[in-house]
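Undergrad: here's a sequence, model it:
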Amino acid sequence: MNDDIFQGYKGSALETLKKYNVRVWGQAIVNTTRGTFNGTILPRAENDDDKHIVMKIPTGYNVGIDIATIINMKETGYKKANYKIPEKEFPFTPGLPKVKLFGTGGTIASRLDYRTGAVIPAFSPGELYGAVPELADICNLTTEKVFAVFSENMGPEQYKKLAIAIGKEINNGVDGIVIGHGTDTLHHTGAILTFMIQNPPVPIVLVGSQRSSDRPSSDAALNLMHAMKAAGESDIAEVMICMFGPTSDEYGLLHKGTRVRKMHSSYRSTFRTIGDTPLARINRKEILPIKTDYNHRRKDRDVKILPYFSDNVTMLYYYPGMKPDTIDSLVDNGYKGIIFVGTGLGHVNKELYPAIERANAKGIHMYMTLQTIWGYVHMFVYDTGRDMMAKGIIPAGNMLPEVAWVKLSWVLGQTEDPVEVKKMMLTPINDEITIREPYNGYLVYQGGVPEVDEFIRNVHK
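TA: Residues are numbered from 1 along each chain as shown. Model (predicted):
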């Protein structure tokens, strides 16, 4: 059999396929010591090992089969799959809102290239219409690929370019903006755009998906529909993140860009508002506000674009026994700002005090946030906190660590004057610091507790 029909396979895995005369894209029955599998043999990503064969089973999921467990394989059919997303002309419907989709990367309406393991986004209006035809009932869509990067590669260059592009599109009269983005750093981008794009007249909605579109449990299409509806119809003219609410398909949530965090590596309901409640619930039929205090949609095109960012700011996650040279090395390497992520009410050990004093003498801007995520920095309570404030560390209220990092980076992109930096850092722009946490702003359910188990069993999953 010709090796080019064994896309990506090598070594022992390749020899196993040849031994049983089974091809990539062949439908096969595989008998193993761990049971029998049937499905389609998929190409192997080029950088993967040679000990497994990958199969797509009837549920739509992919499984890896260890070749050491294979007893027998038999090809029962062959049909090469076409993973190209169909493209149809996106219709224009008078009366529907005009929405602009900016692409940065991620897995919204995408397909998987099994040969390389890479996710290939569907991005043109025609591709999106072919993948999610329901979008045509929601808005008149135009798209623009600003860049195509994994979200971990988003940074100052991308933030500034994206903010400027959004400002231009607002001036062009669009009714709302959607940003397709990978989920890993979605909340970082939501925070920095809140600072870079102030007082927008239209909704700006960031959206991603936890599971790629080739999976039966993908959240991509529904998240995209919710985001388009929010951008085109919502009265909330703020930077928001739109993702699943519960793990089911019931509704999505709109989260404020400065108060949201990714809280689970794989759940579809991974994004949670921290220290507050979400802005709204959303489904395909309606938008249901949860909060009433927000920036409302306007007809004017007035927006303030402030695309500033210093890349000389870092976060320092404190751990017991941390050594002073950790701080010294940051100062020596030219960092201008440090966001401490401290324990409890905002603490680090006394061994760091001399390094903190040296950093303060060098003019380093230092702010304290919390590892607890929820709650406020309270540095007046214990001697440790008061000592650190005397040495130059400033409490940052209930700013989330990532939000404090992007805000200090944004502030230092404009000024290094310590009085002005402190004023800008501690003056809330959009609830990155709040006066109080509402009674229902901190909810963490714990399995095994009777009332929680009852709730999960009978009310919601």
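Undergrad: show me where the stretch 351-461 of the chain has its strands.
TA: Using DSSP state E, counting those that start in this stretch, the strands of the stretch 351-461 of the chain run over residues 365-370, 393-395.
Undergrad: residue contacts, residue 454?
TA: Contacts for residue 454 (CB atoms under 8 Å, 6 or more residues apart in numbering) come out as none. Any C-beta I mention is one placed from the backbone N, CA and C, and that applies to glycine too.
Undergrad: and the pLDDT for it?
TA: The score at residue 454 is 84. That number is its pLDDT.
Undergrad: and what of residue 209?
TA: Residue 209 carries a pLDDT score of 87 in this model.
Undergrad: how about it: what's its closest non-neighbour residue?
TA: Nearest residue to residue 209 in three dimensions, chain neighbours excluded: residue 220, at 3.7 Å (CB to CB, 6 or more residues apart in numbering).
Undergrad: adjacent strands (with direction) for the host helix or strand of residue 75?
TA: Under the criterion of DSSP states H and E, residue 75 resides in strand 70-78. Neighbouring strands of strand 70-78 in its sheet, by DSSP bridges, are strand 26-32 (antiparallel).
Undergrad: next SSE after the strand it pairs with?
TA: strand 35-41.
Undergrad: okay, that following strand in CSV with CA atoms only?
TA: These are the backbone C-alpha positions of strand 35-41, laid out as CSV (Å, rounded to 0.1, in the frame of the first residue of the first chain):
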residue,chain,number,x,y,z
GLY,A,35,-12.7,-3.8,23.8
THR,A,36,-13.9,-3.3,20.2
PHE,A,37,-14.0,0.1,18.5
ASN,A,38,-15.5,1.1,15.2
GLY,A,39,-15.3,4.3,13.3
THR,A,40,-13.1,6.2,10.8
ILE,A,41,-9.3,6.2,10.9
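Undergrad: immediately after the lowest-mean-pLDDT helix or strand in the chain, which helix or strand?
TA: One helix or strand of the chain scores below all others by mean pLDDT, DSSP states H and E: strand 118-121, with a mean of 54. As assigned by DSSP H and E, the chain's next helix or strand after strand 118-121 is helix 125-131.
Undergrad: mean confidence for that following helix?
TA: Averaging pLDDT along helix 125-131 gives 74.
Undergrad: helices or strands next to it in the packing?
TA: strand 140-145 (3 or more CB pairs under 8 Å, 6 or more residues apart in numbering; DSSP states H and E).
Undergrad: try 10 Å this time
TA: strand 98-103, strand 110-113, strand 140-145, helix 220-233 (3 or more CB pairs under 10 Å, 6 or more residues apart in numbering; DSSP states H and E).
Undergrad: how far out from the middle of the chain is it?
TA: On the basis of CA atoms, centre = their mean, to the nearest Å, helix 125-131 is displaced by 23 Å from the centre of the chain it belongs to.
Undergrad: what does stretch 60-67 give?
TA: The answer for stretch 60-67 is 27 Å, by CA atoms, centre = their mean.
Undergrad: likewise for stretch 184-204?
TA: In this view, stretch 184-204 has its centroid 13 Å away from the chain centroid, taken as CA atoms, centre = their mean.
Undergrad: mind checking pLDDT for the residue found closest to residue 452 once you drop the neighbours it is linked to in the chain?
TA: Closest residue to residue 452 apart from its sequence neighbours, by CB to CB, 6+ apart: residue 445 at 4.9 Å. As predicted, residue 445 sits at a pLDDT of 84.
Undergrad: tell me the SS of the most centrally placed residue in the chain?
TA: Nearest to the mean C-alpha position of the chain, by CA atoms, centre = their mean, lies residue 183 at 2.3 Å. Here residue 183 is coil, with the state taken from DSSP: H, G, I helix; E, B strand; the rest coil.
Undergrad: try the one 5 residues further on
TA: When the structure is reduced to helix, strand and coil (three-state DSSP), residue 188 reads as helix.
Undergrad: so who does the closest residue to it other than its chain neighbours touch?
TA: Nearest in space to residue 188, with sequence neighbours left out and distances taken as CB to CB, 6+ apart, is residue 402 at 5.4 Å. By CB atoms under 10 Å, 6 or more residues apart in numbering, the contact list for residue 402 reads 185, 187-188, 190-192, 258, 260-262, 315, 339, 341, 369.
Undergrad: picking that back up, does the residue nearest to residue 209 touch residue 208 like I think?
TA: Yes: with contact defined as CB atoms under 10 Å, residue 220 counts as touching residue 208 (8.4 Å).
Undergrad: ok, the two, which is more surrounded?
TA: Taking neighbours as other CB atoms under 10 Å, residue 220 and residue 208 compare with residue 208 leading, 30 against 25.
Undergrad: the more buried one and residue 21, how far apart?
TA: 42 Å (CB to CB, to the nearest Å).
Undergrad: what do you get for residue 407?
TA: 61 Å.
Undergrad: ok, these two, which is more surrounded?
TA: More crowded of residue 407 and residue 21, by other CB under 10 Å: residue 407, with 28 against 11.
Undergrad: touching, the more buried one and residue 313? I think so.
TA: Yes: between residue 407 and residue 313 a contact is recorded at 9.4 Å, counting by CB under 10 Å.
Undergrad: where along the stretch 251-400 of the chain do the helices fall?
TA: With helices called from DSSP state H, counting those that start in this stretch, the stretch 251-400 of the chain shows them at 324-332, 353-361, 383-390.
Undergrad: domains of the protein: list them as residue ranges, please.
TA: For the chain, automatic domain parsing gives the domain ranges 3-78, 98-305, 313-426.
Undergrad: span of the last one from start to end?
TA: By CA to CA, to the nearest Å, the extent of domain 313-426 from end to end equals 17 Å.
Undergrad: and that domain, how far from the chain's centre?
TA: With CA atoms, centre = their mean, you get 25 Å for domain 313-426.
Undergrad: now that domain: average pLDDT?
TA: Averaged over domain 313-426, pLDDT sits at 97.
Undergrad: do the same with the shortest one
TA: Taken as a whole, domain 3-78 has an average pLDDT of 88.
Undergrad: quick check: which element contains the nearest residue to residue 153 once chain neighbours are set aside?
TA: Spatial nearest neighbour of residue 153, chain neighbours left out: residue 105 (7.9 Å); criterion: CB to CB, 6+ apart. According to DSSP H and E, residue 105 maps onto no helix or strand at all.
Undergrad: isn't residue 105 right next to residue 209, touching?
TA: No: with contact defined as CB under 10 Å, residue 105 does not reach residue 209; the gap is 11.7 Å.
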